[in-house]
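>>> Quick one, fold the following:
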Amino acid sequence: MTWIKLLLLYCSYSIGYCRYFDDDSYEIYIYKEEGKITKNKLSTSKNVSSLEIMSTNVPSIEPDSFCAIPNARTIKIIGNEVFPKITKKLFQCTPKLSYLTLDAAADANQEIERNAFTDLTDLTSLRINDVNIPRLGKDMFVGLNLEILNLVGCNITEIDSDSFSGMPNLKEVHLGHNSIRSIKPGTFKSLHHLKELMLNTNEFSEINWDQWDILPSLEVIDFADNPLVKCDVSKIREYFPIIEFFNLGGGFNATQKEAMIEESKRFNVNLTFTNYNTYEVIEE
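Numbering: from 1, shown residues only. The predicted structure follows:
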């Protein structure tokens, strides 16, 4: 389906509307707004399905602000220099929300309450970028049944082994640009539908198969820009039986790469050694 939008971005106000002609609903677009966000500011007679708050400086937001848009399915809070802490109360009136993005500006020190999303039972896609979340735990995802989870650039150093246990329908997990060194046994054991796992730009020095669980649906896994020096490629097909793309990054020397490629051929595994910093690609 082709979505047609009318973007009123050059009006004299900081709040514009985008119309989706196919279902007669609208997007509220707040750009470079200064000051408090309130329910009254968002109130409109239109059927609002989407809200985007971008590049603002908002010192406070009333907890019932989003009650003005009860039919919202998408909320994006992106690149704001200042934005108050994201709390559970903020989403008390948005039960239909299915797509949520919180992408903080650099050095914004954006905060999120750990149980902020527990009432969003229809949420299928959650993206949190550049927000400080050193530890992932199950408490962050209680009540959620996500299909896509994106936590890029969140300074994650530790992942509790039960973090994803309540979300068996996850299909994509993006954990790039963090500080993860290892995976605890059982972390991915319930993710039988996981197709894509992005672990690029972390601190893995080896792939320790004792820490991994069999992921029967995994097609893509990416370890680019990790300091990897060890991986037993004979185990790949055992743990990821239908894997199509396995990237080990560019940290191995030429001799290691050649030996690993030869070994992988015995198990019908296609390896890629991609270094995103230099755009060097070596593959079987």
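>>> can we go C-alpha only for contacts and neighbour counts from here?
Will do.
>>> For the nearest residue to residue 228 once chain neighbours are set aside, grab the count of nearby residues.
The shortest distance from residue 228 to any non-neighbouring residue, by Cα to Cα, 6 or more residues apart in numbering, is to residue 205 (4.0 Å). Residue 205: 15 surrounding residues under other Cα atoms under 10 Å.
>>> thought residue 205 was touching residue 226?
Yes. Using Cα atoms under 8 Å, residue 205 is in contact with residue 226, at 6.8 Å.
>>> Show me what whichever helix or strand residue 101 is part of is packed up against.
Per DSSP states H and E, residue 101 falls inside strand 99-103. Where contact means 3 or more Cα pairs under 8 Å, 6 or more residues apart in numbering; DSSP states H and E, strand 99-103 is packed against strand 74-78, strand 125-129.
>>> Make sure residue 263 is indeed in a strand.
No. According to DSSP: H, G, I helix; E, B strand; the rest coil, residue 263 belongs to no strand; its state is helix.
>>> Which residue ranges of this protein form helices?
Along the chain, the stretches classed as helices by DSSP state H are 39-42, 236-239, 254-265.
>>> what sits up against the second one?
Just to be clear, that refers to helix 236-239. 212-216, 243, 267-269 (Cα atoms under 8 Å, 6 or more residues apart in numbering).
>>> in its sheet, what does the strand holding residue 101 sit against?
strand 74-78 (parallel), strand 125-129 (parallel) (DSSP bridges).
>>> could you list every residue that touches the closest residue to residue 116 other than its chain neighbours?
Excluding its sequence neighbours, the residue lying closest to residue 116 (Cα to Cα, 6+ apart) is residue 88, at 3.7 Å. Contact analysis of residue 88 by Cα under 8 Å, 6+ apart lists 113, 115-119.
>>> how far away is residue 184 from residue 109?
Computed as Cα to Cα, to the nearest Å, the residue 184 to residue 109 distance reads 28 Å.
>>> ok, back up a step: which one of the helices and strands packed on strand 99-103 lies closest to residue 250?
strand 125-129 (24.8 Å; Cα to Cα).
>>> Sort out which residues of that closest one are buried, please.
Residues 125-129 are the ones in strand 125-129 that count as buried (16 or more other Cα atoms under 10 Å).
>>> How far off centre is that strand?
4 Å (Cα atoms, centre = their mean, to the nearest Å).
>>> Next: stretch 105-119.
13 Å.
>>> do the same with stretch 40-57
Remark: stretch 40-57 is offset 23 Å from the chain centroid, using Cα atoms, centre = their mean.
>>> From residue 99, how far off is the nearest residue to residue 98 once chain neighbours are set aside?
Spatial nearest neighbour of residue 98, chain neighbours left out: residue 123 (3.8 Å); criterion: Cα to Cα, 6+ apart. If you measure residue 123 against residue 99 using Cα to Cα, the figure is 6 Å.
>>> So between the two, which is more surrounded?
The residue with more neighbours, out of residue 123 and residue 99, is residue 123; 23 against 20, by other Cα under 10 Å.
>>> mind listing what that one touches?
Residue 123 makes contacts with 96-100, 144-146, as judged by Cα under 8 Å, 6+ apart.
>>> Redo those residues as TSV? Include pLDDT and distance to residue 164.
TSV is the format used below for the contacts of residue 123 (pLDDT from 0 to 100; distance: Cα to Cα, whole Å):
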residue	pLDDT	distance to residue 164
96	96	22
97	97	20
98	98	18
99	98	18
100	98	18
144	95	10
145	94	10
146	98	10
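>>> Looking at the residues you listed, which is nearest residue 77?
Distance to residue 77, by Cα to Cα, is smallest for residue 100 among these, at 8.2 Å.
>>> For the stretch 1-150 of the chain, which residues score under the pLDDT cut-off?
Residue ranges of the stretch 1-150 of the chain with pLDDT under 70: 1-22.
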